[in-house]
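Peer 1: Just need the structure, nothing else, for what follows:
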Amino acid sequence: MECVIKDFFQNPEKYYSKDVTISGWIRTVRDSKTFGFLEVNDGSYFKNVQVVFNNDLENFENICKLTIASSVEITGEFVKTENAKQAFEIHAKEVKILGEADPDYPLQKKRHSFEYLRTIAYLRPRTNTFSAIFRIRSVAAFAIHEYFQNNGYVYVHTPIITCADCEGSAEMFKLTTLDLKKELPKTEDGQTDFSGDLFGKETYITGSGQLHVETFAPAFRKVYTFGPTLRSENSNTKTHANEFWMIEPEISFCDLEGLMNIEEDCLKYIVTKVLERCPEEIDFCDQFIEKGLKDKLHKLINSSFVRIDHKEAIDILKKADREWEFKPEYGEDLAKEHEKYITEYFNGPVFVKNWPKDIKSYYMKLNPDGKTVAAVDLEVPGAGEIMGGSQREDDLETLRKIMKEKGINEDQLYWYMDLRRYGTNVHSGFGLGFERLLMYLTGMENIRDVIPFPRTPNNCDF
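Peer 2: Residues are numbered from 1 along each chain as shown. This next block holds a predicted model:
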């Protein structure tokens, strides 16, 4: 019978003493004069299955010469093995060689550095590490959709091409069909004239779906978008990429306290599902990538997330008996060292809320004190900030005033302003960087190693 390896591990009793047929790729070959062993993986499961073959096969010598990554189809008896590392193996009756790999195949049976594997990103999913990482990525993505769908959210496909300036146009990729080999047309005041461009105006590649998903919240109450976003910042840190994925829900009739409840519930759900559905992959990551990963994830699930104001966080940091690289200040952002200390201080995840308005975005709700906004960042042990959200400014005049203060073009966002004119209401939302979440789930230290084909400064291969 035609089978996949995953079925053997999930229900081996079903196949004992029966003939099975699998197709897959050779991971290792070991042979002697009369018999040999193949480790075969078919992509359906993290682990391989061992195949025993002997010189009764007419193509025995050709099988012995097989190289790693060669593809085969194998028919044989599924046999129970006593006191062996794996509880079963296949005794081959026929091995069809479907496609031989060249001997210079780059992924031989040895450890390769993550830096080297990035240079062959089109092959690295075949390694144990990246098989685990990208299977976890798939399961986590499904869990995200599952969480929101189970809780009555409507999934919105927000545009990739946009004229909406959400995170600052200086960080957004410009999009044009103008011929860059020719002198660009100019307006009377010397600016680039986009009237002859495809969309007749300056356009960007989206840096966030938030503004657009906000337009759907007054229609459906609870909505979310989950898709790629792009930023043009020239940053070469381990936590930044120019292309990444974002989860951005928006909830009507929800204030900041309600938003934090949703953030905590959502994160715990995703972590729980990954632990349930990827036990082998998480075990692998716990053993080879981050020791103690499983304990960290289980601790998060069982934690009650602390909630403190930004001012309280700064108070704690200023009282700390240590030398800071970046001195904590009341009107400034938290540095990585600050985030780490705060989570260690409370021994768990921490919501830092009510931030100084001058360092936060124009769309965040101004608090009654006139100095802070109803914004919140979730800091988790080992990763720092993993979620950022806010209650949105629902008062038109206040929004207009803050946009003017921050130099935001109101004319370009007239439609966003109209949301406050046509049935305004309290509403909130957050953003969760998918790759930052994956780094936390897997223990990977570099964002380039949780994205199939990373896009970073000077790197757009494949």
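
Peer 1: Touching, residue 233 and residue 241? I think so.
Peer 2: No: between residue 233 and residue 241 there is no contact under Cβ atoms under 8 Å: 10.0 Å. Placement of C-beta: from N, CA and C, glycine included.

Peer 1: which of the two has more neighbours?
Peer 2: Each of residue 233 and residue 241 has its neighbours counted (other Cβ atoms under 10 Å); residue 241 has more, 25 against 15.

Peer 1: Check that one and give its pLDDT.
Peer 2: On pLDDT, residue 241 comes in at 92.

Peer 1: quick one, what contacts it?
Peer 2: 435, 447, 448, 451, 454, 455, 456 (Cβ atoms under 8 Å, 6 or more residues apart in numbering).

Peer 1: State the three-state secondary structure for it.
Peer 2: Here residue 241 is recorded as coil under DSSP: H, G, I helix; E, B strand; the rest coil.

Peer 1: So it versus residue 433, what's the distance?
Peer 2: 9 Å (Cβ to Cβ, to the nearest Å).

Peer 1: Same check on residue 158?
Peer 2: 16 Å.

Peer 1: In terms of neighbours, single out the busier of those two.
Peer 2: Taking other Cβ under 10 Å, residue 158 and residue 433 do not tie; residue 158 has more neighbours (24 against 21).

Peer 1: excluding its backbone neighbours, what's nearest residue 108?
Peer 2: Leaving aside its sequence neighbours, residue 108 sits nearest to residue 68 (Cβ to Cβ, 6 or more residues apart in numbering; 6.3 Å).

Peer 1: Run through who's touching whichever helix or strand residue 343 is part of.
Peer 2: Secondary structure assignment for residue 343, by DSSP states H and E: helix 336-346. In this structure, residues lying in contact with helix 336-346 by Cβ under 8 Å, 6+ apart are 306, 313, 316-317, 320, 322, 324-326, 328, 334, 349-350, 352, 379-382, 384-385.

Peer 1: Mind checking what helix or strand follows that helix in sequence?
Peer 2: In N-to-C order, the element after helix 336-346 by DSSP H and E is strand 350-356.

Peer 1: Other residues contacting that following strand?
Peer 2: In contact with strand 350-356 (Cβ under 8 Å, 6+ apart) are residues 256, 260, 263-264, 305-311, 313, 330-332, 334, 342-343, 364, 367, 371-379.

Peer 1: What strands flank it, and is each parallel or antiparallel?
Peer 2: strand 306-309 (parallel), strand 372-380 (antiparallel) (DSSP bridges).

Peer 1: Enumerate every residue touching residue 254.
Peer 2: Neighbour list for residue 254: 262, 391, 426, 427, 428 [criterion: Cβ under 8 Å, 6+ apart].

Peer 1: Do a quick rundown of the helices in this protein.
Peer 2: 5-10, 60-64, 114-119, 128-150, 210-214, 217-220, 256-277, 279-288, 293-301, 310-319, 336-346, 396-405, 414-421, 434-442 (DSSP state H).

Peer 1: Please identify the buried residues of the third one?
Peer 2: When burial is assessed from 16 or more other Cβ atoms under 10 Å, helix 114-119 yields the following buried residues: 114, 117, 118.

Peer 1: Would you convert the residues you listed into TSV that also reports pLDDT and distance to residue 196?
Peer 2: Shown next, in TSV, are these (pLDDT from 0 to 100; distance: Cβ to Cβ, whole Å):
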residue	pLDDT	distance to residue 196
114	95	46
117	96	45
118	95	40
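
Peer 1: closest to residue 173 among those residues?
Peer 2: Distance to residue 173, by Cβ to Cβ, is smallest for residue 118 among the buried residues of helix 114-119, at 22.1 Å.

Peer 1: per-residue confidence for the closest residue to that closest one other than its chain neighbours?
Peer 2: Distances taken as Cβ to Cβ, 6+ apart put residue 448 closest to residue 118, at 5.9 Å, once the chain neighbours are dropped. The score at residue 448 is 96. That number is its pLDDT.

Peer 1: Off-centre distance for stretch 187-200?
Peer 2: Averaging C-alpha positions (Cα atoms, centre = their mean, to the nearest Å) puts stretch 187-200 37 Å from its chain's average.

Peer 1: Give me the mean pLDDT for it.
Peer 2: 90.

Peer 1: got it, and stretch 351-360?
Peer 2: On average, stretch 351-360 scores 97.

Peer 1: Buried residues of that stretch, list them for me.
Peer 2: Those would be 351, 352, 353, 354, 355, 356, 357, 360, for stretch 351-360 by 16+ other Cβ under 10 Å.

Peer 1: Could you check how far the nearest residue in space to residue 186 that is not next to it in sequence is from residue 162?
Peer 2: Setting aside the residues directly before and after it, residue 186 is nearest to residue 193 in space (Cβ to Cβ, 6+ apart), at 5.7 Å. For residue 193, the distance to residue 162 (Cβ to Cβ) stands at 20 Å.

Peer 1: Who has more neighbours out of these two?
Peer 2: It is residue 162, of residue 193 and residue 162, that has more neighbours when counted by other Cβ under 10 Å, with 19 against 13.

Peer 1: Tell me which residues touch the closest residue in space to the more buried one that isn't next to it in sequence, please.
Peer 2: Taking Cβ to Cβ, 6+ apart, and ignoring the residues beside it in sequence, residue 162 has residue 206 as its nearest neighbour in space, at 4.8 Å. Each residue near residue 206 by Cβ under 8 Å, 6+ apart is listed here: 158, 159, 160, 161, 162, 164, 166, 172, 229, 230.

Peer 1: Would you agree residue 292 is in contact with residue 286?
Peer 2: Yes: using Cβ under 8 Å, residue 292 is in contact with residue 286, at 7.2 Å.

Peer 1: Show me which of the two is the more surrounded one.
Peer 2: For residue 292 versus residue 286, the count of surrounding residues by other Cβ under 10 Å is larger for residue 286: 18 against 11.

Peer 1: okay, that one: pLDDT?
Peer 2: For residue 286, the pLDDT comes out at 97.

Peer 1: give me the low-pLDDT residue ranges for the stretch 101-250 of the chain?
Peer 2: For the stretch 101-250 of the chain, the stretches with pLDDT under 70 are 165-170.

Peer 1: Mind jotting down where the strands sit in it?
Peer 2: In the stretch 101-250 of the chain, strands defined by DSSP state E, counting those that start in this stretch lie at 154-155, 161-162, 173-175, 203-205, 222-230, 243-252, listed in chain order.

Peer 1: With distance to residue 105 as added columns, please give the helices of the chain in JSON lines.
Peer 2: Output for the helices of the chain, formatted as JSON lines (distance: least, Cβ to Cβ, whole Å):
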{"stretch": "helix 5-10", "distance to residue 105": "21"}
{"stretch": "helix 60-64", "distance to residue 105": "17"}
{"stretch": "helix 114-119", "distance to residue 105": "14"}
{"stretch": "helix 128-150", "distance to residue 105": "16"}
{"stretch": "helix 210-214", "distance to residue 105": "44"}
{"stretch": "helix 217-220", "distance to residue 105": "50"}
{"stretch": "helix 256-277", "distance to residue 105": "31"}
{"stretch": "helix 279-288", "distance to residue 105": "22"}
{"stretch": "helix 293-301", "distance to residue 105": "30"}
{"stretch": "helix 310-319", "distance to residue 105": "51"}
{"stretch": "helix 336-346", "distance to residue 105": "39"}
{"stretch": "helix 396-405", "distance to residue 105": "57"}
{"stretch": "helix 414-421", "distance to residue 105": "53"}
{"stretch": "helix 434-442", "distance to residue 105": "26"}
